[in-house]
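In: A structural model of the following input is requested.
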Amino acid sequence: MNLPAQHTASHAGAASKPQRDPHGLTAGNKRARLMDRLFKNYFLFSILALCLVLAMVVFFIGRTAILTFGEVSFAEFFFSFNWTPEEDRFGAALFIINTLSLTALTMIIAVPISVGMAILIAEIAPNWLKKIIRPLLDLLVGIPSIVYGYLGLTVLLPFLRDLSGEGLGDGLLAAALVLTIMILPTISRISDDAISAVPKKYRDASYALGSTRLQTIFKAVLPAAGRGIVAAIILGMTRAIGETMAVVMVIGNTPQLAKSLFAPASVLTSNIVMQISNVEFESTWNYSLHMMAFLLLLISFALILLIRYVGRKREV
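Out: Model prediction:
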């Protein structure tokens, strides 16, 4: 009587075992491997598609930009201040200098405020204030640039006119102040993360040596977070150089070298967006505008590579 029961139990046990293929894989393992292979191929395809798009952008902008030097000499384009396309004069030096001047002025204003705010959030502010400031900065990062430009046009320019006595008020200072407000949240939040990531033992060791709170921040914490803060500054600089709409609305858009903070001027981005729709595609004017865009692209690449280099040194 026991034999049939044992035979039935053995069949039940065999039925409960997962089915295996000749390679010893269960059906669940096969599905997991299939999903892993699909995700791997999907991610590989995404990376290749991204690289292809980036290569196409560089190729098409660069190919059109190089055509500039078929009609304009290298020296004239980069060292001449005469930008009068109607007379076939395409000197872009004034736009390059104005762009660098605007970026430098923006960094001079934005960096001390941004880093100081990051120190306040990470080291000084109580927890309830941190919970208010950090989400607020994250919200400011997501505001479209044209909103900042409109506020600069309607609020900042009248204020600068009244303050300076100038007739217009637009120029490098107005553009720098708008860009400062735009990049301040980015630099502050990244610097805040870098400072917060400094191990607590650095602070404890500094206090054990008799340092004050201020000495601990500036002589122990900030040097340890230095590379992260530098990366934040470079990232903010990248956005400042490439910003277009906010700058167009407050800088004046006059193709001349800025000789004062309140003189209407133009930078690479504003000159491109103001003129690109009014020129023929197969013209030296259009090629010169593409060359300006290609310069901005190269500057952005250089700054991004610099961020990667700083981050790699930090890991080492």
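In: wait, I217 touches L120, no?
Out: No - I217 is not in contact with L120 according to CB atoms under 8 Å; the separation is 10.3 Å. C-betas here are computed from N, CA, C, even on glycine.
In: compare those two (neighbour count), which wins?
Out: Neighbours per residue (other CB atoms under 10 Å) separate I217 from L120, with I217 holding more: 18 against 15.
In: what sits against the more buried one?
Out: By CB atoms under 8 Å, 6 or more residues apart in numbering, the contact set of I217 is 119, 123.
In: if I look at it, how far off is L50?
Out: Distance of I217 to L50, computed by CB to CB, to the nearest Å: 40 Å.
In: secondary structure class for S211?
Out: coil (DSSP: H, G, I helix; E, B strand; the rest coil).
In: do you know how far S206 is from N41?
Out: Distance, S206 to N41, using CB to CB: 51 Å.
In: more neighbours, the two?
Out: Neighbour count, other CB under 10 Å: between S206 and N41, S206 has more, with 18 against 10.
In: need the CA coordinates for the host helix or strand of the more buried one. PDB is fine.
Out: Element membership for S206 (DSSP states H and E) is helix 200-208. Output of helix 200-208 as PDB, limited to C-alpha atoms (Å, rounded to 0.1, in the frame of the first residue of the first chain):
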ATOM      1  CA  LYS A 200      32.600  65.600   9.600                       C
ATOM      2  CA  LYS A 201      36.000  64.500  10.800                       C
ATOM      3  CA  TYR A 202      37.600  67.500   9.000                       C
ATOM      4  CA  ARG A 203      35.400  69.900  11.100                       C
ATOM      5  CA  ASP A 204      36.100  67.900  14.300                       C
ATOM      6  CA  ALA A 205      39.800  68.000  13.800                       C
ATOM      7  CA  SER A 206      39.700  71.700  13.100                       C
ATOM      8  CA  TYR A 207      37.700  72.400  16.300                       C
ATOM      9  CA  ALA A 208      40.100  70.100  18.300                       C
END
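In: run through who's touching the next helix or strand after that helix.
Out: For helix 200-208, the following helix or strand on the C-terminal side (DSSP H and E) is helix 213-216. With contact meaning CB under 8 Å, 6+ apart, helix 213-216 is reached by 123, 203, 206-207.
In: okay if I get those residues as a markdown table plus pLDDT?
Out: Compiled in a markdown table, those are given as follows (pLDDT from 0 to 100):
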| residue | pLDDT |
| --- | --- |
| E123 | 91 |
| R203 | 91 |
| S206 | 91 |
| Y207 | 90 |
